[in-house]
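Student: Here is my input, please return the structure:
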Amino acid sequence: MSDPFQNRSLPLSGPARDLIAVTPSDSIDLVDVAVALYVEGGGTVAFVSAGGGSRSVTLPDNAILPVGVRRVDATGTTATGIHALVL
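Tutor: Prediction:
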């Protein structure tokens with residue numbers, strides 16, 4: 001099978017290379033910084049941004065949050081089915 005990503009640089013504006021389930025944690029960062037989050041069940045997402053800031057946003061069901069994220073905190077997060085979009 002051919003791989004269209006094989007010889008291509010991965011821009012932040014392009015499609016993610018993978019979607020990884022997130023288990024919120026107050027101390028463990030994501031393995032890779034996410035370029036965005038996808039949330040299946042709406043609610044609040046508390047996170048540490050790629051820039052290091054602590055943030056909290058409320059999202060509806062099936063929402064995409066187009067912000068770089070290093071960690072999704074357990075404390076303050078009520079959204080469910082969170083996935084990290086990574087390059």
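
Student: Near T78, how many other residues are there?
Tutor: For T78, the neighbour count with other Cβ atoms under 10 Å is 12. In this view, the C-beta of every residue, glycine as well, is placed from N, C-alpha and C.

Student: Find me the pLDDT at it, would you?
Tutor: The model reports T78 with a pLDDT of 98.

Student: could you check the distance from it over to A84?
Tutor: If you measure T78 against A84 using Cβ to Cβ, to the nearest Å, the figure is 18 Å.

Student: how about stretch 41-53: buried residues?
Tutor: Within stretch 41-53, the residues scored as buried using 16 or more other Cβ atoms under 10 Å are G42, G43, V45, A46, F47, V48.

Student: Repeat that for stretch 75-84.
Tutor: Residues G76, T77, A79, I82, H83, A84 are the ones in stretch 75-84 that count as buried (16+ other Cβ under 10 Å).

Student: Looking at these, which are in strands?
Tutor: Filtering the buried residues of stretch 75-84 for membership in strands, criterion DSSP state E, returns I82, H83, A84.
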